[in-house]
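*Asks:* my questions are about this predicted structure, shown below with the sequence.
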Amino acid sequence: MADVFSKAKRSEVMSRIRSRGNQDTELALARLLRANGITGWRRHVQVRIAERGMRNHTSPRPSPQRGEGARPAFRVKPDFVFPKLRTVIFADGCFWHGCPRHATKPRHNAAFWRKKLAGNKTRDRLVTRTLRRAGWRVLRIWEHELPRQKAEGRMKNAKNKTVRLVRRIQRALA
C-alpha cells in the first residue's frame, strides 16, 4: 500500500514523534523505580567520557568555561543515570533496538529499515562498550520486560516478571 502522505508531509509528521517519554518504556520504568523506592536517578543527564587521563563525569549541560580543546571524546544521554553509583539504564523498545524475541521486520522499504535497525544495534553496542570501558555499569532493559499497567493487576506472571526486573536493577545498583 502506498503512503497516504507526500514525502515532505511524511517527513514533517515523523519529525513530531517524540524520542523521549514513551509510555511503554521510559515512563513505565520510572513508575517501577518510584514504586520500589529506588532513588538516586536522573533522567536524560548527559554522560561525557573524556579523553584518556581526564576525569569522566556527568553534567546536565556542557560547561561554558570549557574550551574547544577540552571537548569530551564521547557523549550519551541514557534514559536513567545514577551518577553516584556510576550506573546507567537504557529502556530499549523492542522494535527500534531489535529485540531477539519481539522485533519485526517491515516489509515495505525493507532495505531502508534493515540499514536503520542494524545501525541502531551497532550504536547500542558501541555506547555500552564505551561506557563500560570508562568504568560505568550499563543495564539494558527491553520493553517486554517492563510491566504493563493494564496487565499487571490481572496476571500472576506479570507480578513475577516485575519482581525479577526489580531484583535485576537492585543487583546492578549494589
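*Replies:* On my side now, so go ahead.

*Asks:* flag every buried residue along stretch 161-174.
*Replies:* By neighbour count with 16 or more other CB atoms under 10 Å, stretch 161-174 contains the buried residues 161-162, 165-166, 169, 172-173. The way it works is simple: take the backbone N, C-alpha and C, and place the C-beta from them, glycine included.

*Asks:* now, these that are in strands?
*Replies:* Among the buried residues of stretch 161-174, DSSP state E puts none in strands.

*Asks:* all helices of this protein, in order?
*Replies:* Along the chain, counting by DSSP state H, helices occupy 7-15, 26-35, 110-133, 149-152, 156-173.

*Asks:* looking at those helices, which is closest to H44?
*Replies:* helix 26-35 (8.9 Å; CB to CB).

*Asks:* looking at the helices of the chain, which one is packed in the most?
*Replies:* Sort the helices of the chain by mean neighbour count, taking mean count of other CB atoms under 10 Å, and helix 26-35 sits at the top with a mean of 17.

*Asks:* okay if I get the helices of the chain as JSON lines plus mean pLDDT and distance to I141?
*Replies:* Listed next are the helices of the chain as JSON lines, based on pLDDT from 0 to 100; distance: least, CB to CB, whole Å:
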{"stretch": "helix 7-15", "mean pLDDT": "80", "distance to I141": "25"}
{"stretch": "helix 26-35", "mean pLDDT": "92", "distance to I141": "6"}
{"stretch": "helix 110-133", "mean pLDDT": "92", "distance to I141": "12"}
{"stretch": "helix 149-152", "mean pLDDT": "55", "distance to I141": "16"}
{"stretch": "helix 156-173", "mean pLDDT": "87", "distance to I141": "7"}
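
*Asks:* nearest to F95, out of these?
*Replies:* With respect to F95, and counting by CB to CB, the nearest of those is helix 110-133 at 8.1 Å.

*Asks:* hmm, back to that, which one among the buried residues of stretch 161-174 gets closest to T128?
*Replies:* The closest of the buried residues of stretch 161-174, once distances to T128 are taken by CB to CB, is A172, at 13.0 Å.

*Asks:* if we can go back for a sec, need the helices of the chain in JSON lines with distance to K77, can you?
*Replies:* Output for those, formatted as JSON lines (distance: least, CB to CB, whole Å):
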{"stretch": "helix 7-15", "distance to K77": "19"}
{"stretch": "helix 26-35", "distance to K77": "12"}
{"stretch": "helix 110-133", "distance to K77": "10"}
{"stretch": "helix 149-152", "distance to K77": "26"}
{"stretch": "helix 156-173", "distance to K77": "19"}
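
*Asks:* nearest residue to the residue nearest the centre of the chain other than its sequence neighbours?
*Replies:* By CA atoms, centre = their mean, the chain has its centre lying nearest to F90, at 3.1 Å. Spatial nearest neighbour of F90, chain neighbours left out: R140 (4.8 Å); criterion: CB to CB, 6 or more residues apart in numbering.

*Asks:* many thanks, I have nothing further to ask.
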